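S.K.: Build the 3D model from these lines:
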Amino acid sequence: MVLSWLGLPQDGSDDALRILSMPSEQLPQFMATDGFTDQLRDAIVSFCERTYWRRVWILQELILAQKYVVMCGAGSVTSESLDGALACFSQQAQPIDTRKARESYQGIVTSAANEIVLSKRLASFCTLSRWLRLCLEANYQATVPHDYLYALFSISSDNVKASIEVRYNKPIADIYRQLLESLVEDPTSRLNRDWLLGLSQKMGLSHQEGIALLNSEYLRRHGDLGELFTGVGSEPEALESTTASFDSRTRDAILAFFKRSYSKRVWILQELFLSQKYIVICGSKIITDDDLHAGINAIKVFSKLSASGHAGLIKKTPAVWHIHTKFFGFHWFNDLSRFSSVCSQEDVEATEPRDRIYAFLSVSWDCANGLLTIMPDYDKPVRTILYGTMKLLASSNAFAIGVATFGTSR
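M.R.: Residues are numbered from 1 along each chain as shown. Now for the predicted structure:
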């Protein structure tokens, strides 16, 4: 049991704790009443974004704890209550009438506290790249750079937990090398190395030092030179200086590739979603899902340079949005809500409305109960199919997400 104290009460934290401690069966009913005011929602957002949640060692402690209690002033909330409440907010299916309310719900879902709760819930499925992304993109802070490494040691390397020796007088480079050597996943794979290079720079190592350490680990694991890491893709300036052919023609070609109508078809998104691994074939060229994601991430980093002329290169087309959320799905309560967010985009295409319903049904049933053989019947009226789908899913959390996806009037 871990006890975590956020500090003295402020910004309505007592009210926030009262709401977050409500029994899970009562909270949805309260959320639907006028008593759940903007002031209460703001108090919950403030509570979930207190700076305490952004400390990397707090992330480590709560992820590893079987149970924990968060205290603020004299009030407290258990891990079970906090998890249930934040899950309820993430699945909120009631109509949100005001912009203020929408912003409050979004603030809760994307808060630091929800990042930790979701990470804990998905811990057994998280890969090294997801942990690295969480530490880097969610802006977690450390008292000293060593904290990042010891946190990652603990949450991503089960096989070496018992042998971790915390030594703050040890050089950062030595601890970083020890982390690379301990990882079960290959840190030099395309999916991991960009994030690990970013981690090395966040800890104060130079770009060249980070690359040298990653290449040393590559040689240790693979025993040959192979294709050593140059850092291209991780550092925008390096990508810009070494990729002279990345001109407007290349940019337009990449954008056109991701906007091909095939990638917008809802049944294609369904197949990619349900598959554990996939490859994309275009003409005589083949690319794996891991390499596709690594390429998108590199271009995304490069596109942040406003002066490069490539800002906004990769838009949130359904295909790109799907790939990113599949690898980095921390903001979604579960896979179904993630798929719902993809299918709800306006430019997702379907031959007819039934395709959306059958895609949602197959994914929702697979998420909740395991594989179900779907037998599409395109002769049935859309309302009949939708009613049957909602009836089939009524006993699961998928029902609320289905209502949010299709609406009650369609």
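S.K.: contacts and neighbour counts: CA atoms only from here.
M.R.: Will do.
S.K.: Least confident secondary structure element in this protein?
M.R.: None of the helices or strands of the chain scores lower by mean pLDDT, DSSP states H and E than helix 236-242, at a mean of 40.
S.K.: Tell me where the protein has strands.
M.R.: Here the chain has its strands, by DSSP state E, at 2-5, 68-72, 75-78, 279-282, 285-288.
S.K.: what would these look like in CSV with mean pLDDT?
M.R.: Below are the strands of the chain laid out as CSV (pLDDT from 0 to 100):
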stretch, mean pLDDT
strand 2-5, 81
strand 68-72, 90
strand 75-78, 90
strand 279-282, 76
strand 285-288, 74
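S.K.: Columns distance to residue 118 on top of those strands, output as TSV?
M.R.: Below are these laid out as TSV (distance: least, C-alpha to C-alpha, whole Å):
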stretch	distance to residue 118
strand 2-5	17
strand 68-72	15
strand 75-78	15
strand 279-282	29
strand 285-288	28
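S.K.: Which among the ones you listed is found nearest to residue 181?
M.R.: strand 285-288 (26.2 Å; C-alpha to C-alpha).
S.K.: Quick check: neighbours of the closest one in the sheet, parallel or antiparallel?
M.R.: Taking DSSP bridges as the criterion, strand 285-288 forms sheet pairs with strand 279-282 (antiparallel).
S.K.: List the buried residues for the strand it pairs with?
M.R.: Buried residues in strand 279-282, defined by neighbour count with 16 or more other C-alpha atoms under 10 Å: none.
S.K.: I'd like the C-alpha coordinates of it written as PDB, please.
M.R.: Output of strand 279-282 as PDB, limited to C-alpha atoms (Å, rounded to 0.1, in the frame of the first residue of the first chain):
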ATOM      1  CA  ILE A 279       1.900  -4.800 -43.700                       C
ATOM      2  CA  VAL A 280       1.000  -2.200 -46.200                       C
ATOM      3  CA  ILE A 281       1.600  -2.900 -49.900                       C
ATOM      4  CA  CYS A 282       1.600  -0.200 -52.600                       C
END
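S.K.: Name the residues that touch that strand?
M.R.: 286, 287, 288, 289 (C-alpha atoms under 8 Å, 6 or more residues apart in numbering).
S.K.: please redo it, this time with the cut-off set to 10 Å
M.R.: 257, 272, 286, 287, 288, 289, 290, 291, 292 (C-alpha atoms under 10 Å, 6 or more residues apart in numbering).
S.K.: out of these, who has the most neighbours?
M.R.: Among these, residue 272 has the most neighbours (other C-alpha atoms under 10 Å), with 19 neighbours.
S.K.: Quick check, that one in contact with residue 359.
M.R.: No - assessed by C-alpha atoms under 10 Å, residue 272 is found out of contact with residue 359, at 11.3 Å.
S.K.: what's the overlap in contacts for the two?
M.R.: Residues within reach of residue 272 and of residue 359 at once, by C-alpha under 10 Å, 6+ apart, are residue 266.
S.K.: Burial check on the closest residue to residue 205 other than its chain neighbours, number of neighbours?
M.R.: Once flanking residues are discounted, residue 205 sits nearest to residue 173: 7.4 Å by C-alpha to C-alpha, 6 or more residues apart in numbering. Applying other C-alpha under 10 Å, we find 17 residues neighbouring residue 173.
S.K.: mind listing what residue 173 touches?
M.R.: 146, 179, 200, 203, 204, 205, 209, 210, 213.
S.K.: ok, of the residues you listed, which come out buried?
M.R.: By 16+ other C-alpha under 10 Å, these give 146, 179, 200, 203, 205, 210, 213 as buried.
S.K.: Return the distance of the third one relative to residue 194.
M.R.: Per C-alpha to C-alpha, to the nearest Å, residue 200 is found 10 Å from residue 194.
S.K.: Pull up the overlap in contacts between the two.
M.R.: residue 211.
S.K.: can I assume residue 220 is in contact with residue 186?
M.R.: No - with contact defined as C-alpha under 10 Å, residue 220 and residue 186 do not form a contacting pair (11.1 Å).
S.K.: who's more crowded, those two?
M.R.: Neighbours were counted for residue 220 and for residue 186 using other C-alpha under 10 Å; residue 186 has more, 17 against 12.
S.K.: quick one: the helices in the stretch 101-250 of the chain?
M.R.: Taking DSSP state H, counting those that start in this stretch, the helices of the stretch 101-250 of the chain run over residues 112-121, 128-137, 146-156, 172-182, 190-202, 207-222, 236-242, 248-258.
S.K.: relative to helix 207-222, how tilted is the fifth one?
M.R.: Okay, so that is helix 190-202. Between the axes of helix 190-202 and helix 207-222, defined by axes from the mean of the first three to the mean of the last three C-alpha atoms, to 10 degrees, the angle is 140 degrees.
S.K.: Run through the neighbouring helices and strands of helix 190-202.
M.R.: Packing partners of helix 190-202 (3 or more C-alpha pairs under 10 Å, 6 or more residues apart in numbering; DSSP states H and E): helix 128-137, helix 146-156, helix 172-182, helix 207-222, helix 289-303.
S.K.: Domain-wise, how is the chain divided?
M.R.: 2-124, 126-230, 240-327, 351-406 (automatic domain parsing).
S.K.: Could you give the average pLDDT over the shortest one?
M.R.: Average pLDDT, domain 351-406: 64.
S.K.: and residue 174, what does it touch?
M.R.: residue 213.
S.K.: ok, back up a step: tabulate the helices and strands packed on helix 190-202 (a markdown table), appending mean pLDDT.
M.R.: Supplementary listing: those in a markdown table, determined by pLDDT from 0 to 100:
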| stretch | mean pLDDT |
| --- | --- |
| helix 128-137 | 74 |
| helix 146-156 | 81 |
| helix 172-182 | 86 |
| helix 207-222 | 83 |
| helix 289-303 | 63 |
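S.K.: Compare those helices and give me the one nearest residue 42.
M.R.: Ranking the helices and strands packed on helix 190-202 by distance to residue 42, with C-alpha to C-alpha as the measure, places helix 128-137 first at 23.7 Å.
S.K.: Mind listing what's buried along the closest one?
M.R.: 128, 129, 130, 131, 132, 133, 134, 135, 136.
S.K.: Reformat the residues you listed as TSV; add distance to residue 84.
M.R.: Putting these into TSV (distance: C-alpha to C-alpha, whole Å) gives the following:
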residue	distance to residue 84
128	26
129	26
130	23
131	23
132	26
133	24
134	21
135	24
136	26
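S.K.: Good, we can wrap up now.
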